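Sequence and predicted structure are below.
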Amino acid sequence: MARTVDPAKHAANRRQIMDAAALLFAENGFERTTTAMICDAVGMSPGRLYHYFAGKKPLFIAVLTDDRRETGEMLEGLRRSERPLEALLAFVEHLAAPATVHPLVSQLVLEAMMQAQRDEEVRTILEEVDDEEQAGIEELLTRAIKAGETDPGLAPRKAAQWITTLIGALYLGVVGSDGSTDLLAQLRRTVRGYLMPARA
């Protein structure tokens, strides 16, 4: 008789593994992080770990694409918003939020970029995610322009690229904070100001 799997427990264990692995990948890098280190961090045997992830690289990719589905679902909901500009700003905040959660996020992003140079599969997946996010920004911005909420002279694709670059600066630690600055609020003000028509 097949063993019944508790979906909630399975999801919780998977999350525990991903959180521990993210920390190790950020601190040690992908190459220097071993399966044994991950097993020790979560108190699991290798056999049990492989029940959740087929190997270290699939786990690394899962960490890097953790919020991909959530982002897609959020974008789907924002498409129906009657306030396109606010929808765009909410999407931008969603994309940038992880960068403000933990100081090791920047290190994890740098490690992902380095690994993408070594591994075509990782590079392809990261490019797909980046393309999806930028396309979402462009789509919402186009709606905001058509609704007359932003500068009508903006080129949606170029503007989306600029906004994506600004979000990337947060992840790479280029835009720092002394702890007293709300980076997401600052990002929202910066993007809103950029999108507004120039005053005569």
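Perfect, I can see it now. Computed from a predicted model, the values in this text were never measured in an experiment.

If you count contacts, what does the host helix or strand of residue 20 end up packed against?
Per DSSP states H and E: residue 20 is located in helix 7-28. When contacts are defined as 3 or more Cβ pairs under 8 Å, 6 or more residues apart in numbering; DSSP states H and E, helix 7-28 sits against helix 35-42, helix 46-52, helix 56-64, helix 105-118. Where C-beta positions appear, they are placed from N, C-alpha and C, glycine not excepted.

As a markdown table, the ones you listed with mean pLDDT and mean neighbour count would be great.
Shown next, in a markdown table, are the helices and strands packed on helix 7-28 (pLDDT from 0 to 100; neighbours: other Cβ atoms under 10 Å):
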| stretch | mean pLDDT | mean neighbour count |
| --- | --- | --- |
| helix 35-42 | 97 | 16 |
| helix 46-52 | 94 | 14 |
| helix 56-64 | 96 | 19 |
| helix 105-118 | 93 | 17 |
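
can I get those in TSV with distance to residue 19?
Formatted as TSV, those follow (distance: least, Cβ to Cβ, whole Å):
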stretch	distance to residue 19
helix 35-42	9
helix 46-52	13
helix 56-64	9
helix 105-118	12
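
Quick check: which of those is nearest to residue 11?
Ranking the helices and strands packed on helix 7-28 by proximity to residue 11 (Cβ to Cβ) places helix 46-52 first, at 10.0 Å.

pull the longest helix from this structure.
helix 120-146 (DSSP state H).

Go through the helices and strands packed on helix 7-28 and name the closest to residue 16.
helix 35-42 (5.5 Å).

gap between that closest one and the chain center?
24 Å (Cα atoms, centre = their mean, to the nearest Å).

Same question for stretch 91-100.
With Cα atoms, centre = their mean, you get 7 Å for stretch 91-100.
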